[in-house]
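Peer 1: when you get a sec, could you give me coordinates for this:
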Amino acid sequence: MEPKIAAITGAYSGLGAALSRLLAKKGYKLVLGGRNKAELQRFIDEIKKVTDAVAVTMDVRKKDDCKRFIKAAEESFGRLDLLINNAGIWKLAKVEDAKEEDIKNIFETNVFGPIYCAQAAISVMKKQGKGFILNIGSTAGIDYKSSFVAYGSSKAALISLTGCLRAELEGTGIKVAAVSPGGMKTNLFRSEPEKNLDEYMDPDSVAEKILDYIENPTDEWHLVIRRPSK
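Peer 2: Model prediction:
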């Protein structure tokens, strides 16, 4: 079977890195995007030991970067089977304390970025007559907590975007879905010292569940992954 082509944003750390490593082991060819050129290069050198891969230094907040990211998949491998909109940031703050700059940065990364990447990917996938766009949401988008005003609402917007895009692309052969994991042991949460990461999920186990969801499609378009209760 011909290898599949996957493009992943936020690819070199956390869940993105876990997904990249797992897809590489499964034989996918990869286009990996990230903002830090040095970190991305270090990671791509690791991935290239396993599969063909291309690195694209990018900022998902910039539409032209997203276009260039998707174009790299088409130019390098001739097509794009799977887009994983994984890049995301967060910062906790109560609504009365939240800074405009932080709110804007979170929404541009967590919502605008996936829109820009999807716009570019759709044109490629429509030509193929098939493809899969997977948005990485969060349980923060469906569980309402204090101090999550920017991050939680951005993930809620991403989940809504997924449902709308799914309806829009019905009949095109392009599948659209969202996966919303709970807290994971990643750098995203290490920035908050009060968080007890021992209670959080391992990103590798979450990646395994996501791959199973990708490769065994169901009618469920929003998969929620929570830490098993003890």
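
Peer 1: quick one: low-confidence parts of the chain?
Peer 2: Filtered on pLDDT under 70, the chain yields the residue ranges 1-2, 187-198, 229-230.

Peer 1: show me where it has its strands.
Peer 2: Along the chain, counting by DSSP state E, strands occupy 5-8, 29-34, 53-57, 82-85, 131-136, 174-181, 222-225.

Peer 1: partners of the third one, with directions?
Peer 2: Each strand pairing with strand 53-57, determined using DSSP bridges, is listed with its direction: strand 29-34 (parallel).

Peer 1: how about the CA coordinates for the partner strand, as CSV?
Peer 2: The C-alpha trace of strand 29-34 is given here as CSV (Å, rounded to 0.1, in the frame of the first residue of the first chain):
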residue,chain,number,x,y,z
LYS,A,29,5.5,10.4,5.1
LEU,A,30,5.4,13.7,7.0
VAL,A,31,5.4,17.4,6.6
LEU,A,32,6.2,18.9,10.1
GLY,A,33,5.6,22.5,11.0
GLY,A,34,6.8,24.6,13.9
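
Peer 1: returning to that earlier point: the strands of the chain into a markdown table, with extra columns for distance to Val95?
Peer 2: C-beta: built from backbone N, CA, C; applies to glycine. As requested, the strands of the chain are arranged in a markdown table below (distance: least, Cβ to Cβ, whole Å):
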| stretch | distance to Val95 |
| --- | --- |
| strand 5-8 | 32 |
| strand 29-34 | 30 |
| strand 53-57 | 34 |
| strand 82-85 | 26 |
| strand 131-136 | 24 |
| strand 174-181 | 22 |
| strand 222-225 | 25 |
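
Peer 1: centroid residue for this protein?
Peer 2: Asn86 (1.4 Å; Cα atoms, centre = their mean).

Peer 1: show the backbone phi and psi for that residue.
Peer 2: Main-chain torsions, Asn86, degrees, to the nearest 10: phi -110, psi -30.

Peer 1: distance of the residue sitting furthest away from the middle of the chain from Asp204?
Peer 2: For the chain, the residue at maximal distance from the C-alpha centroid (Cα atoms, centre = their mean) is Glu96, at 29.1 Å. According to Cβ to Cβ, to the nearest Å, Glu96 and Asp204 sit 38 Å apart.

Peer 1: before we move on, what about Ile70?
Peer 2: Between Ile70 and Asp204 the distance, using Cβ to Cβ, works out to 27 Å.

Peer 1: so which of the strands of the chain comes closest to Ile115?
Peer 2: Closest approach to Ile115 among those is made by strand 82-85 (8.9 Å; Cβ to Cβ).

Peer 1: packing partners of the closest one?
Peer 2: strand 5-8, helix 113-128, strand 131-136 (3 or more Cβ pairs under 8 Å, 6 or more residues apart in numbering; DSSP states H and E).
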